[in-house]
Each structure stands twice: as structure tokens, then as C-alpha cells.
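In: predicted model and sequence below, questions to follow.
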Amino acid sequence: MTEWKKNAVHPLRIEGYTAEGMGVARLEGRVVFVPFTAQGELWRVRLEKVRSHMAWGRGVELLEPSPERSEPDCPLFSRCGGCQFRHLTYAEELRAKGQRIADALERVGGVRLDLPPVLGAEVPDRYRNKVQFPVASGRHGPTVGYYRPRSHDVLDVADCLLQPEIVTTLRRAFLGWMEDFHVPPYEETTNSGLIRHLYVRTNQAGEALCCVVANGRSLPHTQELIRRLRQAVPSLAGVVLNQNTRDTNVILGQDYHTLWGKDFLEETLCGMTFRLSVPSFFQINRAQTERLYAKALDFAGLTGTETVLDLYCGIGTISLTLAQRAAQVIGAEIVPQAIEDAKANAARNGVDNVRFLCGDAGQTAAQLAREGIRPQVICVDPPRKGLAPDVPAILAGMSPERIVYVSCDPATLARDVKRLAELGYHTICAQGVDLFPRTSHVETVVLLSKGEIDSKKVRVEFSLEDMDMSGFQ
């Protein structure tokens, strides 16, 4: 009988990937998870953590490498939790993400589709427009970096290939200020110290907004910090202090104070301008978000006569995109500040056929139904946990012709697709979009219909030029 205990070593063939990007192998019917491996590879694997039906192992010798294996271009790849796929070619990463979507839809959702390839990024690096650095005490002083995988240990990261170079420059200047003036990092275990996070937003214009999250109401040597940050990045738009004195893992507190410059950035998306404050939700990959929204608009099949309900609308990015083709759009979001931002964004872009409501998605939809509103199209873009249990029935009760579902988690998407199928809405087509290259995350947009639609009649190609806003100016 094969040895099934810690430190046992076995030759194992990698059969696929987990949702977190780990390789999956099998040993006499039991599953073994092996990080930093590629599908098809043969490894000698040491079992490091063993349970009755599964184990976690570490590859100790690569016996048969995959042609899709790539030398990681980051020296911290195996120690940092930021990326999961830098040991693979980008083509293999996209294939794996597409397979993950297809498997979830079939196994959980009961839907088998001939999915098109995942839409990959032209440039899979330096795409993050928001970066949050945790700050901690290291052996040689303060550490400003990223968490190690599955821990709260902060790894010092001098540069990250996911972030713009100006973020790297700001981090270096900020760390120098902390070191030179002995500014104490926050200590999680004792809820003491001062600096909790460095939070940076950037935009397409090359500007940056810097927010220091502190366990206090003020910073020492503030003017020197501002001087150093401005000198390091002349395009710096503003420096903000966020006060978070709570004993919590939540990054941002409720109180903000602008130390210098502006407390927002402006960004263009799909031909429109959006104002982004520090807490505003905005997709971190602008270029790929445009492709995602273009596909959602394509799936919506709007002709200019429809009423559209956009649930989980955030600051209104999808709502305003849909408004270009609809008679009217109603956006709903539970976060009050996001709704205020959405209203301001509509006014800023001259969009007058959209209104925004603050409230729970299910409760808002139910209230609209009681008022007799029957949207022809409903768009949902829920958080990772997917739709609340009561929402699918509420949506079906409104009897829309089509539902467009934008998802950041194939598993919860598949669960909700199954719920909607039981209510008479069938999945017509789906498209994966890679908003997070080199990580295990993937976005999916799905079209569901109450009636029968020939999926061949749904346009596969869509030009961003179709999303011109000149009609609203």
C-alpha cells in the first residue's frame, strides 16, 4: 500500500489546477495539491500536510516539465501572495482560466457551453491602478510590501510587476521617510504603532493619489513626507490621511483628511470620466474592464427602447455604459457613498436617462416590482459571494427578457446560474475576461434568457468605438 503520511515522497502527474492556481494530482484516488506546477508535468512530490482524503505537497524534483512552463520573472514569486501563475506561459494561464469557468458551469451549474477563449490582456503586467501595501516591523526596520501566502506576515517588496512604476517610486520614498524619522509601524497583535497601510491609486494620465492609513489622527513630519513624495513623483495629485484606530483587518477607517492637493483622481472609461476618491470601487485593470463592459453591453442586446435594472452598480460604471443603448437605466447599490459618486458621475458625463437608488439589491428589486417596473434587461455584478439566496427568485419575478451576469468567481456564478435555470432562465453564452493577469482570478460575463435565443445571433465582436458618448454631450 502506498505510503500516505507526512514527508512521504511519490511521483505524481499534475492533472489540473485549483481555483487558487495550485496543481492537482491524485494518489490512489486521493487528491494532492502541489503549488507552482503545470498541468501534465510529472513531479516527485513530498507530502507536507496530510488529511484522510487529501494532502498538500511540495515538488522536490521535476521529472517531466511542461512546454507551458516559464521561468518566473519575479524573484519573490514563490514567497509573495500576489501572483499564482508566473511559472506558466500566459497562453497556458488563459487556457486554465477558461477551463475553470467551463468546469464550474458544467459541474455546479449543469450548463455545458462551447466557450470562446478567455480575452487576455495585451500587456499582462503593470496594470493595477490601485495598490494597498500593509506596513509592519521587520528585522531591519519598517517593512512596506505584500502579505505572504495565507498569512499576515509582510514581505518586503521593492518592486512588483503588477503595479505601475510610479507606485514603486512612491513606496520607496515613503519607506525612506519612515526610516529616517523612525515612524513606528502598526503592530496587529497589540493594536499599537502608527502606520497601517500605504494606499495608492493611479490613472491613465500617469497621476497618483497617495493615502496613508494611520492608527492616529496625525502624522509626524508631515511636510517632509509631502515634499519627498512630490519630489519622487511630480505627477502626484494629492496626499490623504485616513484614520483607522479600530482593532480590525478592515484597511480603511471612516475619517479622511487631505494633507496636500486633491482627494480624488479622474479616470476615463468607455469614453466617460469618473471621479475616484480613496474608497471608491473601480476595477483595477482599466483596459480589460473596457473589454468586459463592452461584452456586457453586447450581451444585453439593447435597441434603445428598453428599461434596464443594474444591481450592485457601484459608482455607476456599468449603468452609464448601458445607458448609451437603453431608454432608461435604474442602478441600485447598498453603499451610500457609491450612490452619491454614481449620481455625480452621471451628471459629469451628461447622462440623464439613469437614476440611482441606495439599498439592498433584493429589497430594491422587490420594491421596484411592487411599483410595477418591469425591466426588459437586468444586469447584476455581485461581490465574490454571488447573489443572496432570495435574489434569483426576485429577478425572475420581474420577468426580464434577458439577464446579464458579471461575475468575479466562477463557482458562485455557476451556483446562481443553476438557481436561475430552475426559475426558467437558461444560459445562452458566456465569455471569460482576464482582468487579473498572473493571478488565479478571472471575470466572466454570462447571458441568460427566459426564451430561446440563437447564440449565433449574439455578436461575438464589439468595438469600443461603439461606446462613444457624443450623443450625451
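Out: Great, that's in hand.
In: bridging residues for Thr427?
Out: In this structure, Thr427 bridges to Leu448 when assessed by DSSP bridges.
In: tally of neighbours for it?
Out: Residues within reach of Thr427, counting by other Cβ atoms under 10 Å, total 24. To be clear about C-beta, it is placed using only N, CA and C from the backbone, and glycine gets the same treatment.
In: and if you look at the one 3 residues further on?
Out: Close neighbours of Ala430, defined as other Cβ under 10 Å, add up to 28.
In: shaky segments in the chain?
Out: Across the chain, the ranges flagged by pLDDT under 70 are 1, 451-473.
In: how about 50 then?
Out: Applying pLDDT under 50 to the chain picks out residues 453-473.
In: show me how far the longest helix anywhere in the chain is from its chain's centre.
Out: Across the chain, the longest stretch assigned as helix under DSSP state H is helix 90-107. Helix 90-107 sits 17 Å away from the centroid of its parent chain (Cα atoms, centre = their mean, to the nearest Å).
In: the chain should start at 14 in everything you say after this.
Out: Got it, first residue is 14 now, which makes that one helix 103-120.
In: helices of the stretch 364-486 of the chain, residue ranges please.
Out: For the stretch 364-486 of the chain, the helices defined by DSSP state H, counting those that start in this stretch cover 374-383, 404-410, 423-435.
In: show me what the longest one is packed against.
Out: What it means is helix 423-435. In terms of contacts (3 or more Cβ pairs under 8 Å, 6 or more residues apart in numbering; DSSP states H and E), helix 423-435 is packed against helix 103-120, helix 404-410, strand 415-420, strand 456-462.
In: any idea which helix or strand carries Arg259?
Out: For Arg259, there is no host helix or strand (DSSP states H and E).
In: distance check, it against Leu232.
Out: Using Cβ to Cβ, to the nearest Å, Arg259 is found at 18 Å from Leu232.
In: who has more neighbours, the two?
Out: Leu232 (21 against 11).
In: how close does the more buried one get to Pro405?
Out: Taking Cβ to Cβ, one finds Leu232 at 48 Å from Pro405.
In: identify all contacting residues around the helix or strand encompassing Val321.
Out: Per DSSP H and E: Val321 is located in strand 320-324. With Cβ atoms under 8 Å, 6 or more residues apart in numbering as the test, strand 320-324 has contacts from 313, 315, 331-332, 335-336, 339-345, 374, 377-378, 381, 386-395, 404, 411, 413.
In: ok so, going back, adding mean neighbour count and distance to Val157, write the helices of the stretch 364-486 of the chain out as a markdown table.
Out: Converted to a markdown table, the helices of the stretch 364-486 of the chain look like this (neighbours: other Cβ atoms under 10 Å; distance: least, Cβ to Cβ, whole Å):
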| stretch | mean neighbour count | distance to Val157 |
| --- | --- | --- |
| helix 374-383 | 18 | 37 |
| helix 404-410 | 20 | 40 |
| helix 423-435 | 21 | 33 |
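In: nearest to Ala443 among those would be which one?
Out: Ala443 lies closest, by Cβ to Cβ, to one member of those: helix 423-435, at 8.6 Å.
In: what angle separates that closest one from strand 415-420?
Out: Helix 423-435 and strand 415-420 meet at an angle of 160 degrees, taking axes from the mean of the first three to the mean of the last three Cα atoms, to 10 degrees as the criterion.
In: using PDB, write out every CA atom in helix 423-435.
Out: Output of helix 423-435 as PDB, limited to C-alpha atoms (Å, rounded to 0.1, in the frame of the first residue of the first chain):
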ATOM      1  CA  PRO A 423     -16.900  31.000 -11.400                       C
ATOM      2  CA  ALA A 424     -18.100  28.900  -8.500                       C
ATOM      3  CA  THR A 425     -20.700  31.300  -7.200                       C
ATOM      4  CA  LEU A 426     -21.600  32.200 -10.800                       C
ATOM      5  CA  ALA A 427     -22.300  28.500 -11.500                       C
ATOM      6  CA  ARG A 428     -24.400  28.200  -8.400                       C
ATOM      7  CA  ASP A 429     -26.500  31.200  -9.300                       C
ATOM      8  CA  VAL A 430     -26.900  30.100 -12.900                       C
ATOM      9  CA  LYS A 431     -28.400  26.800 -11.600                       C
ATOM     10  CA  ARG A 432     -30.800  28.700  -9.400                       C
ATOM     11  CA  LEU A 433     -31.900  30.900 -12.300                       C
ATOM     12  CA  ALA A 434     -32.300  27.800 -14.600                       C
ATOM     13  CA  GLU A 435     -34.700  26.400 -12.100                       C
END
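In: how many neighbours does the closest residue to Gly36 other than its chain neighbours have?
Out: Once flanking residues are discounted, Gly36 sits nearest to Thr50: 3.3 Å by Cβ to Cβ, 6 or more residues apart in numbering. Neighbourhood size, Thr50 [other Cβ under 10 Å]: 29.
In: sec struct for Thr50, please.
Out: Here Thr50 is recorded as coil under DSSP: H, G, I helix; E, B strand; the rest coil.
In: from what I can see it touches Gly72, true?
Out: Yes: counting by Cβ atoms under 8 Å, Thr50 does reach Gly72; the two are 5.8 Å apart.
In: shared neighbours, these two?
Out: Trp56.
In: isn't Asp260 up against Asn204?
Out: Yes: Asp260 is in contact with Asn204 according to Cβ under 8 Å; the separation is 4.7 Å.
In: the two: who's more crowded?
Out: Asn204 (12 against 9).
In: distance check, the more buried one against Leu75.
Out: Distance from Asn204 to Leu75, by Cβ to Cβ: 45 Å.
In: Arg152 now?
Out: 32 Å.
In: now Phe49
Out: 10 Å.
In: where does the residue nearest to Ala245 when sequence neighbours are not counted fall, helix, sheet strand or coil?
Out: Spatially, and ignoring its direct neighbours in sequence, Ala245 is nearest to Ala186 (3.8 Å; Cβ to Cβ, 6+ apart). In three-state terms, and counting by three-state DSSP, Ala186 is helix.
In: I'd say Ala186 and Arg243 touch.
Out: No: look at Ala186 against Arg243 with Cβ under 8 Å: they stay out of range, at 9.1 Å.
In: more neighbours, the two?
Out: The neighbour count for Ala186 versus Arg243, taken as other Cβ under 10 Å, is higher for Ala186 (19 against 16).
In: which ones are touching that one?
Out: If you count contacts by Cβ under 8 Å, 6+ apart, then Ala186 has Arg241, Leu242, Gln244, Ala245, Val246 around it.
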